[in-house]
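Engineer: Provide a 3D model corresponding to the input given below.
(one chain, ligands or ions: 1)
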Amino acid sequence: MSHNTNSLASLFSSLTNEAILDDAHCQVATDEGIHKIDAEQQSGDRLAAVAAFAGWDQALDADTQTVRRRVLELVTAWEPEAAAAFQNGRFPNELFRQLGAAGALGAALVGRNGRPPLAKTAVCAIMHAVEYGDGGLRCALTVHDSVIQALVRYGSDAQRQRWLEPLIQGEIVSAFALTEPNAGSDIRAIATKATRQGDDWLLSGHKSWITNGPRADLILIWARTGERNEAIRGFLVEKETPGLHIEPIASAGAMRVAPVGRVTLDQVRVPHSAMLPHAWGLTDINACLDYNRMTVLSGVMGGARRCLEIALVYAGNRYQFDVPLASKQLIQTSLADMTERVALGELAMLHLAQRWEQAALPRFDVSLTKRHNCAAALEVVRMARSILGANGVDFNHHVIRHLLNMEASYSYGGTHEIHGLIVGKELTRENAF
Ligand SMILES: Cc1cc2nc3c(=O)[nH]c(=O)nc-3n(C[C@H](O)[C@H](O)[C@H](O)COP(=O)(O)OP(=O)(O)OC[C@H]3O[C@@H](n4cnc5c(N)ncnc54)[C@H](O)[C@@H]3O)c2cc1C
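Structural biologist: You can find the predicted model right below:
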């Protein structure tokens with residue numbers, strides 16, 4: 001290995017102690033002007049290269065590393081099916097169960113085999129690895145984990161007893177139904193009603209954009225009960241419950257491996273025992289959403305990293321004007337811009353994850369990083385799309401799928417603008433909502 005090591009690798013190395021792409025895997029921008037990337041070798045070494053990046057080895061404990069590596073193996077093995085799964089809106093049932101068996105579902109919320117839950121950094125590490133495969137798959141895990149989180153925080157012993165094990169094993173799939181046709185960013189506008197009738201509750205209303213909705217076995221529905229100053233309570237509703245109708249939003253153009261749905265509740269009768277006893281409204285819901293945002297800001301960096309790798313390999317192998325694209329300064333500065341965004345986004349994610357270990361994170365910090373990472377990842381993936389030229393819009397090259405997913409992440413889990421308003425309010429003490 002010459003002193004003039006791979007420039008991308010050096011940047012990662014100096015920022016994070018580890019190189020994503022060491023010289024054994026690819027050579028870019030050496031003194032000799034060698035721009036040779038062995039795509040086959042590189043893709044064969046992909047797992048090792050990804051495992052080595054960004055100082056994860058120092059940041060993660062052994063149990064988390066084991067789960068993360070297994071997740072990377074699973075999503076990498078599944079990736080060849082991803083284009084078709086996305087185009088057909090097909091939920092990867094088998095992969096979801098395998099992720100459960102790998103300990104990736106609710107990993108930092110529920111212990112397994114008599115051991116405590118994994119560290120909080122595991123959530124970020126796992127979601128990063130999952131979205132390295134696909135953002136829709138990560139979205140499926142995000143909402144599933146939100147339901148697990150709501151059960152752990154606000155559920156009864158009987159509810160936890162009944163649901164946690166099948167949820168963490170991936171035997172059942174769950175959905176988190178908050179958004180409504182007239183309540184998006186402004187969740188105070190929720191109109192779905194729960195009316196008490198003897199020992200039961202009757203739920204009526206509409207939910208929209210519910211990830212996993214068409215596939216879910218269990219849906220957590222948030223509804224107004226009229227208790228304590230317009231409380232919003234959570235109800236665990238099983239899919240076969242009469243009056244519950246779920247229609248896929250088949251025209252959705254993002255996150256298609258975790259199909260989204262419109263939910264109609266027409267006098268859905270559930271027992272009082274289906275209500276989460278300890279969740280009362282927006283503060284409690286927001287605690288679930290902050291967890292959810294940590295999964296988003298981590299996941300998008302995994303997708304961005306995958307697209308950076310794809311663009312790098314492509315630029316080394318695509319010859320135009322008799323030379324590889326990678327030899328062009330404009331392409332190199334694009335790759336540098338992409339690398340910078342990925343590296344800094346991952347560092348912000350790791351920093352936040354480690355602080356999360358100590359205490360609940362301030363909303364300001366989560367909003368700032370969610371906003372930054374989603375915008376940065378979107379830029380990275382757009383640059384990768386451009387480097388691949390026409391192939392950038394071919395699903396078989398993966399980048400367009402990540403790009404479409406990133407567009408949704410930009411607005412999902414709180415939009416870019418709303419997180420800007422949260423940060424702005426904190427800075428100025430002026431409410432601009
Ligand atoms: C793929 C996908 C999956 C989803 N999955 C789920 C799920 O599982 N469960 C669930 O409950 N929800 C889910 N959602 C819904 C998501 O949380 C909402 O889309 C999001 O909260 C934004 O709401 P909205 O789409 O109604 O946009 P709106 O709130 O209508 O906003 C539209 C635009 O106006 C801007 N805006 C709004 N208010 C202001 C303001 N005060 N000042 C300036 N600009 C403003 C927004 O930033 C945005 O740009 C999902 C959405 C998508 C796209």
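Engineer: give me every residue that touches P166.
Structural biologist: I172 (Cβ atoms under 8 Å, 6 or more residues apart in numbering). To be clear about C-beta, it is placed using only N, CA and C from the backbone, and glycine gets the same treatment.
Engineer: And G170, by the same measure?
Structural biologist: By Cβ under 8 Å, 6+ apart, the neighbours of G170 are F96, R97, Q98, L99, G100, A101, L105.
Engineer: For whatever residue of the stretch 1-150 of the chain ends up closest to the ligand, list the residues it contacts.
Structural biologist: For the stretch 1-150 of the chain, the residue closest to the ligand is V143, as judged by Cβ to the nearest ligand atom, at 4.5 Å. Residues in contact with V143 (Cβ under 8 Å, 6+ apart) are S174, A175, F176, T211, N212, A258, N292.
Engineer: Repeat the analysis, applying 10 Å as the threshold.
Structural biologist: 173-178, 210-213, 216, 219-220, 258, 260, 288, 292, 295 (Cβ atoms under 10 Å, 6 or more residues apart in numbering).
Engineer: that older thread, filter the contacts of G170 down to the buried ones.
Structural biologist: F96, Q98, L99, G100, L105 (16 or more other Cβ atoms under 10 Å).
Engineer: Show only the entries of those residues found in helices.
Structural biologist: Under the assignment DSSP state H, those contribute F96, Q98, L99, G100 to helices.
Engineer: okay if I get these as CSV plus distance to S204 and pLDDT?
Structural biologist: Formatted as CSV, those follow (distance: Cβ to Cβ, whole Å; pLDDT from 0 to 100):
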residue, distance to S204, pLDDT
F96, 31, 98
Q98, 38, 98
L99, 34, 98
G100, 33, 98
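Engineer: hang on, the earlier thing: need the three-state assignment for the residue of the stretch 1-150 of the chain closest to the ligand.
Structural biologist: helix (DSSP: H, G, I helix; E, B strand; the rest coil).
Engineer: And T369, by the same measure?
Structural biologist: helix.
Engineer: before we move on, the earlier item: just the contacts of V143 that are near the ligand?
Structural biologist: With the criterion set as Cβ under 6 Å from any ligand atom, the members of the contacts of V143 near the ligand are F176, A177, L178, I210, T211, V260.
Engineer: pLDDT at the residue of the stretch 101-250 of the chain found nearest the ligand, what is it?
Structural biologist: Going by Cβ to the nearest ligand atom, the ligand is nearest to G184 of the stretch 101-250 of the chain, at 1.8 Å. At G184, the model reports a pLDDT of 97.
Engineer: my read: it touches S411, true?
Structural biologist: Yes: under the criterion of Cβ atoms under 10 Å, G184 makes contact with S411 at 8.9 Å.
Engineer: what is in contact with the two at once?
Structural biologist: Common neighbours of G184 and S411 (Cβ under 10 Å, 6+ apart) are W209, I418.
Engineer: Around the ligand, pick out the residues from this protein.
Structural biologist: 143, 176-179, 184-185, 209-211, 254-255, 260, 408, 411-412, 415, 417-418, 421, 433.
Engineer: for the stretch 101-250 of the chain, what spans make up the strands?
Structural biologist: Applying DSSP state E, counting those that start in this stretch to the stretch 101-250 of the chain gives strands spanning 174-177, 193-197, 200-211, 218-224, 232-238, 244-248.
Engineer: Could you identify which of those strands is most buried?
Structural biologist: Here the criterion is mean neighbour count by mean count of other Cβ atoms under 10 Å, and of the strands of the stretch 101-250 of the chain the winner is strand 174-177, at a mean of 28.
Engineer: so which helix or strand takes in A311?
Structural biologist: helix 282-317 (DSSP states H and E).
Engineer: Give me the buried stretch members for that helix, please.
Structural biologist: By neighbour count on 16+ other Cβ under 10 Å, the buried set for helix 282-317 is 284-285, 287-317.
Engineer: again, but for stretch 320-329
Structural biologist: So, applying 16+ other Cβ under 10 Å, buried residues of stretch 320-329: P324, L325, A326, S327.
Engineer: Please compute how far it lies from its chain's middle.
Structural biologist: 35 Å (Cα atoms, centre = their mean, to the nearest Å).
Engineer: Please name the nearest non-neighbouring residue to A85.
Structural biologist: Using Cβ to Cβ, 6 or more residues apart in numbering and skipping the chain neighbours, the partner closest in space to A85 is V257 (4.7 Å).
Engineer: what do you get for D337?
Structural biologist: Nearest one to D337, counting by Cβ to Cβ, 6+ apart, is M383 at 6.3 Å.
Engineer: Around the one you found, count how many other residues there are.
Structural biologist: Using other Cβ atoms under 10 Å, M383 has 23 other residues around it.
Engineer: again, but for E94
Structural biologist: E94, neighbours per other Cβ under 10 Å, totals 12.
Engineer: you'd agree it is in a strand?
Structural biologist: No: going by three-state DSSP, the assignment for E94 is helix, not a strand.
Engineer: Confirm for me that it is in contact with W78.
Structural biologist: Yes: between E94 and W78 there is a contact at 8.7 Å, judged by Cβ under 10 Å.
Engineer: ok, of the residues of the chain next to the ligand, which come out buried?
Structural biologist: Buried among the residues of the chain next to the ligand by 16+ other Cβ under 10 Å: 143, 176-179, 209-211, 254-255, 260, 408, 411-412, 415, 418, 421.
Engineer: Tell me the helix or strand right after the helix or strand that A377 is a member of.
Structural biologist: Using DSSP H and E, A377 sits within helix 363-387. Using DSSP H and E, the next helix or strand after helix 363-387 towards the C-terminus is helix 399-411.
Engineer: report the angle between the axes of that next one and helix 363-387?
Structural biologist: Inter-element angle recorded for helix 399-411 and helix 363-387: 160 degrees (by axes from the mean of the first three to the mean of the last three Cα atoms, to 10 degrees).
Engineer: What average pLDDT does helix 399-411 get?
Structural biologist: 98.
Engineer: what do you get for stretch 415-422?
Structural biologist: The model assigns stretch 415-422 a mean pLDDT of 97.
Engineer: With stretch 118-135 instead?
Structural biologist: Mean predicted confidence for stretch 118-135 is 96.
Engineer: Grab the CA positions of it and hand them over as PDB.
Structural biologist: Extracted in PDB, the C-alpha atoms of stretch 118-135 (Å, rounded to 0.1, in the frame of the first residue of the first chain):
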ATOM      1  CA  LEU A 118     -29.100  -4.000  24.300                       C
ATOM      2  CA  ALA A 119     -27.600  -0.500  24.600                       C
ATOM      3  CA  LYS A 120     -29.400   2.400  23.000                       C
ATOM      4  CA  THR A 121     -26.600   2.700  20.400                       C
ATOM      5  CA  ALA A 122     -27.900  -0.700  19.200                       C
ATOM      6  CA  VAL A 123     -31.100   1.000  17.900                       C
ATOM      7  CA  CYS A 124     -29.000   3.300  15.700                       C
ATOM      8  CA  ALA A 125     -26.600   0.600  14.600                       C
ATOM      9  CA  ILE A 126     -29.400  -1.800  13.600                       C
ATOM     10  CA  MET A 127     -31.500   0.800  11.800                       C
ATOM     11  CA  HIS A 128     -28.400   2.000   9.900                       C
ATOM     12  CA  ALA A 129     -27.800  -1.600   8.800                       C
ATOM     13  CA  VAL A 130     -31.400  -2.200   7.900                       C
ATOM     14  CA  GLU A 131     -31.600   0.900   5.700                       C
ATOM     15  CA  TYR A 132     -28.300  -0.100   4.100                       C
ATOM     16  CA  GLY A 133     -30.700  -2.700   2.500                       C
ATOM     17  CA  ASP A 134     -33.900  -0.600   2.200                       C
ATOM     18  CA  GLY A 135     -35.500   2.400   3.700                       C
END
